[in-house]
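In: Dropping the sequence and predicted coords here.
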Amino acid sequence: MKQKAPTSDTTVAGELTEMFRISQSIRFWGASNLAQQGGIAVLSEKCQQECQEIVNYYLENARILREGLEAFGLTCFGGTNNPYIWVKGAEGMSSWDVFNQLLFKAGIVGVPGSLFGSSGEGFLRLSTLGRREDMEKARCILMGFAARLD
């Protein structure tokens, strides 16, 4: 004999809700096989080496750009253990002043620090998560300006 599907007439209050919850829990129990395999793969020695190469690439980008910014006479924070450099503007400069100075003098675009809250005022955040050629070009432009200032 074929069993009928449960309905609100054949179940007690809340039973369907509980059955649905159990069904969904079983169906979505834990991470998918693909996510599990990715998690396992990232722990392999080969993947660890590849990840470190990527990290080193972006840290070198940060070193290159920071070198140019400092040659330009700007005070920088970060970029030594992360891919973001915070550039401090001269005394009394707003974040937007720093943004405009680098944009119009060097063609470098960043994010005004004030967009990160009041503590970011007077700073510009630059990301080095880009191509090496772009970082080297920016460094050359900044060093060219620095040489003219001397």
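Out: Structure received.
In: Quickly find the element holding Val87.
Out: strand 84-88 (DSSP states H and E).
In: What residues sit buried inside that strand?
Out: Tyr84, Ile85, Trp86, Val87 (16 or more other C-beta atoms under 10 Å). Every C-beta, even on glycine, is put in place using the N, C-alpha and C of the backbone.
In: Let me know the closest of those to Ser119.
Out: Using C-beta to C-beta, Trp86 is the member of the buried residues of strand 84-88 that lies nearest Ser119, at 10.6 Å.
In: all helices for the chain, in order.
Out: Here the chain has its helices, by DSSP state H, at 15-27, 33-42, 45-71, 95-106, 132-149.
In: for the ones you listed, which one ends up most surrounded?
Out: helix 95-106 (a mean of 17; mean count of other C-beta atoms under 10 Å).
In: which other residues reach that helix?
Out: 72, 87-89, 93, 108-110, 112-115, 120-124, 138, 141-142, 145 (C-beta atoms under 8 Å, 6 or more residues apart in numbering).
In: out of these, which are buried?
Out: For these, buried by 16+ other C-beta under 10 Å: 72, 87, 89, 93, 108, 110, 112-114, 120-124, 138, 141-142.
In: I'd like the buried residues of strand 84-88 laid out as a markdown table, including pLDDT.
Out: Output for the buried residues of strand 84-88, formatted as a markdown table (pLDDT from 0 to 100):
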| residue | pLDDT |
| --- | --- |
| Tyr84 | 96 |
| Ile85 | 96 |
| Trp86 | 96 |
| Val87 | 92 |
